[in-house]
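>>> this is a predicted model, with the sequence first.
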Amino acid sequence: MRWALVKVSLAVTAMVVLAFAVPLGIVIKEMARDRAFSNAERQAAAIGPTLSITADRDPLERAVLSTQAGSAGRMAVHIPASGEPGSKPVDIGTRRAAQKDLLTTQRLGRASITEVTGGSALLQPTAISTGQIAVVEVFVPDGEVSNGVDTAWLVLAGVGLALVVGSVAVADRLGIRMVQPAQRLAGAAHDLGEGKLGARVPEEGPTELRSAAAAFNSMADQVVQLLANERELAADLSHRLRTPLTVLRLNAASLGEGPAADQTRAAVEQLEREVDTIIRTAREAKPQTMAAGPGAGCDAAEVVRQRMDFWSALAEDEGRKVRVAGVDRPVRIPVARPELAAALDALLGNVFRHTPEGTAFSVDVHNGEDAVIVLVSDAGPGITDPEAAMARGNSGHRDGSTGLGLDIVRRVAESTGGDVRIGSSVLGGTEVRIWIGLDPREGGGPVRGRGHRGTVRRRRRTRATGLYH
């Protein structure tokens, strides 16, 4: 398309240049010719007053030499004989025109132009005092007739070439402006077809291509949303089984000893592993689901209250003391409600799974200027190696855990530019701190490892909450 547009522009511009330059060059040539002969006519007319007074040679020679053409040897005066006995024709200067042309001009009494060697001759008839017709001959060389024509043609050729080059350059720019968006659209469509769901197209170029890019981006967003919804549904449906499975496992633990009790516990553990596998498979393929746009996200306080209402019933059955703080007013975070609920369920499920019955736990929400901290603390035995527990893949071998819960929590925190830490709680057990950034534009990874900026943030946390030790 680009080269086709360049070729069309080249052809059209060349035709326009030829259509204007050739006639203009011919006009310039005619103007140069007219200028040369008009000058010759003026010089021939300058002899007229002298011829009307006298036909003597000496005054006429002086008059001829006083003109530009006469001084250059390009003027001649031809006076016929007066008809008196003994009179002869008078010729002043060098004659170049043929004798018959002189006689024709004298007979017709009007000026004429005749071709001579090296140029042209202007023959101007003039009446003299004797009543006869003298002919003033002015030689106009070819160089004077074409004076300035070659320069004019060169200027026209230069202008025409500049127009052609300029039109080709403009056509090339226009072609690039049209072709590049189309190429980007084709490349993005190819990438999307290969499974690169992040492929998008800048909405640039002509109106039609901008509309096509907008439609493609909308389609790609719909595809991503559909896949995310599908995976989210699979993960959520499977994750909903975690809570009743936890209750079932706790009930199975109270069955005592015996083959039936052992088989029940083994079946519950197998079912938990299968559910964990389904959730892990769905969430590993799912893209980040951080909320975006003005007003997006959820109220962390509301989500915490809702999930604690659910877990408090089970905590009451097991004799666990529960404390919730910081949820008395709205706390907006840039995380989708299902994501935060899944993270809380994962952490609270770990409390019930890895601590004895009667172990107290708490959930605290701290709302800061640039971040929100969610603390899940318990009074259990704690974790001897928190760094190993946070390492990806290591927690799967700890105390029968799949490591899925902490991975879900980590995804939620890191999607906002925050992180997750494990430490010792004031209750004596484990405390999981979720740092959720409030400015997603600064996100993209954990706060630690960001150099000076990460250090400043960690210092703010220490001063504000006293959480890190």
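Ah, there it is. Numbering: from 1, shown residues only.
>>> going forward, measure contacts and count neighbours with C-alpha atoms only.
OK.
>>> buried sites along stretch 320-339?
Across stretch 320-339, burial judged by 16 or more other Cα atoms under 10 Å covers 320, 322, 324, 326-327, 331-337, 339.
>>> cool, stretch 351-361 as well?
Residues 351-353, 355, 357-361 are the ones in stretch 351-361 that count as buried (16+ other Cα under 10 Å).
>>> same thing with stretch 364-378?
364-367, 371-378.
>>> can you redo those residues as TSV with pLDDT?
Output for the buried residues of stretch 364-378, formatted as TSV (pLDDT from 0 to 100):
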residue	pLDDT
Asp364	95
Val365	95
His366	94
Asn367	92
Ala371	92
Val372	94
Ile373	94
Val374	95
Leu375	94
Val376	94
Ser377	94
Asp378	94
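>>> now the strands: where do they sit in the chain?
Assigned by DSSP state E, the strands in the chain fall at 75-79, 90-92, 112-116, 119-127, 133-141, 298-299, 322-325, 332-333, 361-367, 371-378, 419-424, 430-437.
>>> quick one: which of these is nearest Phe310?
For Phe310, the closest of those is strand 322-325, at 12.0 Å, according to Cα to Cα.
>>> quick one: strands adjacent to that closest one?
Under the criterion DSSP bridges, strand 322-325 sits next to strand 361-367 (parallel) in its sheet.
>>> please tell me how far the residue nearest to Ala371 when sequence neighbours are not counted sits from Ile373.
Leaving aside its chain neighbours, Ala371 sits nearest to Gly437 (4.4 Å; criterion: Cα to Cα, 6 or more residues apart in numbering). The spacing between Gly437 and Ile373, counted by Cα to Cα, to the nearest Å, is 9 Å.
>>> just for the stretch 201-350 of the chain, where's the confidence low?
Residue ranges of the stretch 201-350 of the chain with pLDDT under 70: 232-240, 242-243, 278-296.
>>> quick one on the thing from earlier: okay if I get the strands of the chain as JSON lines plus distance to Trp153?
Compiled in JSON lines, the strands of the chain are given as follows (distance: least, Cα to Cα, whole Å):
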{"stretch": "strand 75-79", "distance to Trp153": "31"}
{"stretch": "strand 90-92", "distance to Trp153": "39"}
{"stretch": "strand 112-116", "distance to Trp153": "25"}
{"stretch": "strand 119-127", "distance to Trp153": "21"}
{"stretch": "strand 133-141", "distance to Trp153": "20"}
{"stretch": "strand 298-299", "distance to Trp153": "77"}
{"stretch": "strand 322-325", "distance to Trp153": "91"}
{"stretch": "strand 332-333", "distance to Trp153": "75"}
{"stretch": "strand 361-367", "distance to Trp153": "81"}
{"stretch": "strand 371-378", "distance to Trp153": "76"}
{"stretch": "strand 419-424", "distance to Trp153": "76"}
{"stretch": "strand 430-437", "distance to Trp153": "73"}
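>>> which of those strands sits most buried?
Ranked by mean neighbour count, the strands of the chain are led by strand 133-141 with a mean of 26 (mean count of other Cα atoms under 10 Å).
>>> dump that one to CSV, keeping only the CA atoms.
Taking Å, rounded to 0.1, in the frame of the first residue of the first chain, the C-alpha atoms of strand 133-141 are listed here in CSV:
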residue,chain,number,x,y,z
ILE,A,133,11.5,54.5,-48.4
ALA,A,134,14.8,53.6,-46.7
VAL,A,135,15.2,50.3,-44.9
VAL,A,136,16.9,50.1,-41.5
GLU,A,137,18.3,46.6,-40.9
VAL,A,138,19.0,45.5,-37.3
PHE,A,139,20.7,42.1,-36.9
VAL,A,140,19.4,40.0,-33.9
PRO,A,141,21.7,37.1,-33.2
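>>> quickly, which of the strands of the chain bottoms out on average pLDDT?
Sorting those by mean pLDDT places strand 90-92 lowest, at a mean of 83.
>>> just checking: what are the partner strands of that one?
Sheet pairing of strand 90-92 (DSSP bridges) gives strand 75-79 (antiparallel).
>>> can you give me the helices in the stretch 351-469 of the chain?
386-390, 404-414, 452-465 (DSSP state H, counting those that start in this stretch).
>>> hey, least reliable of those by pLDDT?
Among these, helix 452-465 scores lowest, with a mean of 38.
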